[in-house]
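*Asks:* Would you be able to build a 3D model of this:
(one chain, ligands or ions: 1)
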Amino acid sequence: MHRAAGTGNSCFAEHGGRSPDLIISLDFKRADSMRNLTVNRRQVLLAATLASVAAAQPARLWAAAPKAGQQALAYYVTPVGDYQVTALLDRTMAMPSDQLLAGASPEQIRAWLAARARSVPTPTSLNSFLINTGSELLLVDSGGGELMGAGGASLQPTLQRAGYQNAQIDKVLLTHLHVDHIGGISQDGKARFENAELWVPQVELDYWLSDAERDKVPEAQRDAFERARTAIAPYQEAKRLRAFQWGDEVAPGVRAVDLSGHTPGHTGFDVQRNGERLLIWGDVVHVQDVQFDHPDITIAFDIDQAAAKSRRLATFKDAASGGYRVAGMHMAFPGIGHVRAKGQDAYEWLPESFSAQIN
Ligand SMILES: [Zn+2]
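*Replies:* Down below sits the predicted model:
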């Protein structure tokens, strides 16, 4: 070992201190420039000939290829201990953020977005997350399905591209019953995940099934109750609807946590395995380019604006001090990253880089 190093050093010294690699590259350069001198005249003639041939060809020698019509199906696999979590992009939504966010003027919202090179409408991801425990497949939320417009959803083909079939899903876990999270669970009155149990937070289920709650909201918002009831009905009829409480372990190492505010039963799923942790936080954030800097800004979809605001602050604070990873349904795909504190009641989103390897 020492001898080899010594030999290398003496060789290095013989070449005036230049490394062998550098010498080879310098020699090539020299040979190259000499060759250039000798063929210079021939090169000029050749170039002139090529130019005249090119001029005689129709322009379609450089014809453009058709432009791409669609993006790739997007999924992203990341381990959490011995589990694997796959982020699945259902679609992106063009969000009129300046109209939907509350707590600042539309002008102010647009100025905050512009400061981060964003504008309105703001492209906003709709992600679901699949947890593969090795013995169970848990799908957290289902995208918007046909309820948000036929043809818009890519959860189904993306799930298959990621290597899974609907029939393999054991549990569909719901963070809450808004249409963009439940739209994919059923189609034409049938459960799309034919072997899965549908796990719904008890508080959330009680809210959307309550006629009294439905009657409290303006007429225009009552559709949301009907859609939720219709989507869960096939699972209810098949006796595959399970209500769970906050604190329950819905699978080994996956605990339901109270993130209520956005909706009364809004729930996160805290995955902890082998010392690693990922909190799937549902809809704690809708517009990441505004709400980390200004956690007090709410959105029209928050059923309890004050509770949504304080829950977001508390969730940011815990994630920042805990240093664990979080995953969000409306964070830019793949929607996984860290939260870092940035001054008084302001935070920063540190998105995880897409990795071509599963590591
Ligand atoms: Zn949502």
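*Asks:* Identify the structural domains in the chain and state their residue ranges.
*Replies:* The chain breaks down into these structural domains: 2-60, 75-351 (assignment by automatic domain parsing).
*Asks:* Least reliable of those domains by average pLDDT, please.
*Replies:* Taking the mean pLDDT of each of the domains of the chain, the lowest value is held by domain 2-60, a mean of 45.
*Asks:* and Thr158, how far is that from Tyr76?
*Replies:* Using Cβ to Cβ, to the nearest Å, one obtains 10 Å as the distance from Thr158 to Tyr76. Placement of C-beta: from N, CA and C, glycine included.
*Asks:* Dump the domains of the chain into JSON lines; add distance to the ion and mean neighbour count as well.
*Replies:* What follows is those, written out as JSON lines (distance: least, Cβ to the ion, whole Å; neighbours: other Cβ atoms under 10 Å):
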{"stretch": "domain 2-60", "distance to the ion": "48", "mean neighbour count": "10"}
{"stretch": "domain 75-351", "distance to the ion": "4", "mean neighbour count": "19"}
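*Asks:* Pro157 belongs to a helix, doesn't it?
*Replies:* Yes: with DSSP: H, G, I helix; E, B strand; the rest coil as the criterion, Pro157 is part of a helix.
*Asks:* residues contacting it?
*Replies:* For Pro157, the contacting residues are Leu73, taking Cβ atoms under 8 Å, 6 or more residues apart in numbering as the criterion.
*Asks:* Ok, Gln291 next?
*Replies:* By Cβ under 8 Å, 6+ apart, the residues touching Gln291 are Val285, Ile297, Arg312.
*Asks:* Spatially nearest residue to the second one (excluding sequence neighbours)?
*Replies:* By that I understand Ile297. With sequence-adjacent residues excluded and distances taken as Cβ to Cβ, 6 or more residues apart in numbering, Ile297 is closest to Gly103, at 4.4 Å.
*Asks:* swap in Arg273?
*Replies:* Nearest one to Arg273, counting by Cβ to Cβ, 6+ apart, is Gly81 at 2.7 Å.
*Asks:* Quick check: the gap between that neighbour and Leu88.
*Replies:* If you go by Cβ to Cβ, the gap between Gly81 and Leu88 works out to 20 Å.
*Asks:* again, but for Met148
*Replies:* Using Cβ to Cβ, we find Met148 at a distance of 15 Å from Leu88.
*Asks:* got it, and Ala228?
*Replies:* Summarising the geometry, the distance separating Ala228 from Leu88, computed by Cβ to Cβ, is 21 Å.
*Asks:* likewise Leu100?
*Replies:* Computed as Cβ to Cβ, the Leu100 to Leu88 distance reads 24 Å.
*Asks:* just Ala346 next, same as before
*Replies:* Taking Cβ to Cβ, one finds Ala346 at 31 Å from Leu88.
*Asks:* any chance of the contacts of Gln291 in CSV, plus secondary structure and distance to Ser142?
*Replies:* Below are the contacts of Gln291 laid out as CSV (DSSP: H, G, I helix; E, B strand; the rest coil; distance: Cβ to Cβ, whole Å):
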residue, secondary structure, distance to Ser142
Val285, coil, 20
Ile297, coil, 27
Arg312, helix, 23
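*Asks:* In a markdown table, list the residues you listed along with distance to Ala68.
*Replies:* Formatted as a markdown table, the contacts of Gln291 follow (distance: Cβ to Cβ, whole Å):
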| residue | distance to Ala68 |
| --- | --- |
| Val285 | 30 |
| Ile297 | 35 |
| Arg312 | 37 |
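*Asks:* between these, which is closest to Ala115?
*Replies:* Top of the list for closeness to Ala115, among those and by Cβ to Cβ, is Ile297 at 14.1 Å.
*Asks:* was I right about the closest one contacting Val290?
*Replies:* Yes: applying Cβ atoms under 8 Å as the test, Ile297 and Val290 come out as touching, 5.5 Å apart.
*Asks:* Common neighbours of these two, please.
*Replies:* When contacts are counted by Cβ under 8 Å, 6+ apart, Ile297 and Val290 are jointly contacted by Leu101, Ile109.
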